[in-house]
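Visitor: need the 3D shape of this:
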Amino acid sequence: MDVSEERTEEQGRMTTRTWTVRAALVAAAVAVVLGTGAAPAGAAGQPASPAVAQTAAQTGRYPAVLVGHGDSLHPEGAGWDPVHRRFLVGSMRHGTVAAVRPDGSTAVLVDDPALVTVVGVHVDAERGRILVANGDTGAGLRSTAATTRRVAGIGAYDLATGRRLFYTDLAAVAADGGEHLANDLVVGPDGTVYVTDSFAPVVYRVAPGGTASVLVRDDRLAPQPGAFGLNGIVRSGGTLVIGKYDDGTLWRVPIARPERLSRIPVAGDGDRLLGLDGLLSRPDGTLLGITNHLGGSGAESRVELRSADGWRTARLTAVRPTPDAATTVLTPGPGGSVYQLSGRLDLLFAGTPVDEFTLRRVG
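Guide: Take a look at the predicted model:
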């Protein structure tokens, strides 16, 4: 995720298109605090009454705890679209991207046969597009023996219509015949996209038109056998900060001098970063992250990191438990808020898919 989404919030308010949705009574749990409005009676974070859920659908305000529902979507990535004022989530199972309405119902926006498993999702509102990282963990309906752990790609789609703008095969760009999975991505001010690969020690650079190259290839970034390696990525000025899932390390990549890749020492019990998944950079320079137990070693928590020297070093300043299982990412939300996503990937990987996911406001 990138703070460019939040910088476009004001533009989004000026160009907002009102959702037209049917008022529906839903049984799914939603929270009591609606958007920026007053809090109705009831404890925050608890299931809302049908009347509150109906109000959310009618007013277009997103609740503090949004329980989404769609046919076994199991989203791993999410983004906030400030132009149309909606959340967008990718589907690990279907390889699609869906828009999420305030009442939790979903509608498919992107359905590209090239997408097997949508992992990272990034809204590039400035250029009117949504960017997605494509891979194959073997848990998707489009997975095959030939594609499992062999897919890495980036797709760009029109933010309003879902029409494909380009699709780039990053595994072909790596050209090493090995295992690949595109995981997360971030956009630079010129529209260049940077993409992590969880199964290879590679970070890709993708030009605004889709032409790609390898920005970094370094064996220090290689995952442990059978594990997920590189994961979340954010940009801080001319620097990329990347998390590595299997060992909880942070890495610094100067975009202009990528050969100066270096590990970021973390003070304050950096061992608590094991299972580090999605990252989100805040306007004040704080780096937020999610750790989870999907890989077998991390805790279910939300972490906060700060740096006083341009991410040459970092300090772990907060670790907070997450109330939802298998949380993966943080995304900007309406009004400068932050939401965390639980797509219940633990159940998907266990072979018991479900139809619900949770977006919970945490800031």
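Visitor: measure stretch 107-121 end to end?
Guide: 16 Å (C-alpha to C-alpha, to the nearest Å).
Visitor: residues contacting the spatially most central residue of the chain?
Guide: Central residue of the chain (C-alpha atoms, centre = their mean): G77, 3.3 Å from the mean position. By C-beta atoms under 8 Å, 6 or more residues apart in numbering, the residues touching G77 are 89-90, 118-122, 132-133, 184, 278, 328-329, 341. Quick note: C-beta positions are derived from backbone N, CA and C, even for glycine.
Visitor: which residues touch the helix or strand where V241 lies?
Guide: Element membership of V241, judged by DSSP states H and E, is strand 239-244. Residues outside strand 239-244 that contact it (C-beta under 8 Å, 6+ apart): 186, 194, 196, 203, 221, 223, 229-235, 249-255, 264, 273, 276-277, 279, 281, 287, 289, 310-311.
Visitor: same thing but at 7 Å, please
Guide: If you take C-beta atoms under 7 Å, 6 or more residues apart in numbering as the criterion, strand 239-244 is touched by 194, 196, 203, 221, 229-234, 250-255, 276, 279, 287, 289, 310-311.
Visitor: now the element after it, going C-ward?
Guide: Going down the chain from strand 239-244, the next helix or strand is strand 250-254, by DSSP H and E.
Visitor: so that following strand versus strand 239-244, what angle?
Guide: Between strand 250-254 and strand 239-244, the angle comes out at 150 degrees (axes from the mean of the first three to the mean of the last three C-alpha atoms, to 10 degrees).
Visitor: strand 250-254 packs against which elements?
Guide: The elements that strand 250-254 packs onto, with contact taken as 3 or more C-beta pairs under 7 Å, 6 or more residues apart in numbering; DSSP states H and E, are strand 239-244, strand 262-264.
Visitor: quick one: closest of these to P102.
Guide: Closest to P102 of these is strand 239-244 (C-beta to C-beta; 30.9 Å).
Visitor: list the strands paired with that closest one, with their directions.
Guide: strand 230-236 (antiparallel), strand 250-254 (antiparallel) (DSSP bridges).
Visitor: tell me which of the helices and strands packed on strand 250-254 sits most buried.
Guide: Looking across the helices and strands packed on strand 250-254 with neighbours counted as mean count of other C-beta atoms under 10 Å, the highest average goes to strand 239-244: a mean of 25.
Visitor: can you give me the mean pLDDT across that strand?
Guide: The pLDDT scores in strand 239-244 average 98.
Visitor: alpha carbons only: can I get it in CSV?
Guide: Extracted as CSV, the C-alpha positions of strand 239-244 are listed here (Å, rounded to 0.1, in the frame of the first residue of the first chain):
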residue,chain,number,x,y,z
THR,A,239,13.5,4.2,-0.7
LEU,A,240,11.6,0.9,-0.7
VAL,A,241,11.1,-0.9,2.6
ILE,A,242,10.3,-4.6,2.2
GLY,A,243,9.3,-7.2,4.8
LYS,A,244,10.3,-10.9,4.6
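Visitor: hey, where'd the helices end up in the stretch 51-200 of the chain?
Guide: Assigned by DSSP state H, counting those that start in this stretch, the helices in the stretch 51-200 of the chain fall at 170-174.
Visitor: show me where it has strands.
Guide: Along the stretch 51-200 of the chain, counting by DSSP state E, counting those that start in this stretch, strands occupy 65-69, 78-81, 86-90, 96-100, 106-111, 117-124, 129-135, 150-151, 153-158, 164-169, 180-187, 193-197.
Visitor: against P75, how distant is D346?
Guide: D346 sits 13 Å away from P75, going by C-beta to C-beta, to the nearest Å.
Visitor: okay, these two: which has more neighbours?
Guide: Under the neighbour definition other C-beta atoms under 10 Å, D346 and P75 were set side by side, and P75 has more, 32 against 16.
Visitor: pretty sure the more buried one is touching F357, no?
Guide: Yes: contact criterion C-beta atoms under 7 Å: P75 and F357 qualify, at 5.6 Å.
Visitor: overlap in contacts of these two?
Guide: 341, 343.
Visitor: and R220, helix, strand or coil?
Guide: helix (DSSP: H, G, I helix; E, B strand; the rest coil).
Visitor: neighbours of it, how many?
Guide: Neighbour count for R220, taken as other C-beta under 10 Å: 12.
Visitor: and L165, by the same measure?
Guide: Residues lying near L165 (other C-beta under 10 Å) number 17.
Visitor: for G162, give me phi and psi.
Guide: phi 80, psi 10 (degrees, to the nearest 10).
Visitor: which residues sit in contact with it?
Guide: Per C-beta under 7 Å, 6+ apart, neighbours of G162: 109-110.
Visitor: go with 10 Å
Guide: 88, 96-99, 108-112, 130 (C-beta atoms under 10 Å, 6 or more residues apart in numbering).
Visitor: what's the spacing between it and D112?
Guide: Separation of G162 from D112 (C-beta to C-beta): 8 Å.
Visitor: can you pull the residues that touch both of those two?
Guide: Jointly contacting G162 and D112 under the rule C-beta under 10 Å, 6+ apart are 96-97.
Visitor: which stretches of the stretch 251-363 of the chain have low pLDDT?
Guide: For the stretch 251-363 of the chain, no stretch has pLDDT under 70.
Visitor: what ranges does it have for its helices?
Guide: Listed in chain order, the helices found in the stretch 251-363 of the chain under DSSP H, counting those that start in this stretch are 345-349.
Visitor: please, where are all the strands along it?
Guide: 262-264, 266-267, 276-281, 287-291, 301-306, 314-321, 327-332, 338-342, 356-361.
Visitor: out of those strands, nearest to D81?
Guide: strand 327-332 (10.1 Å).
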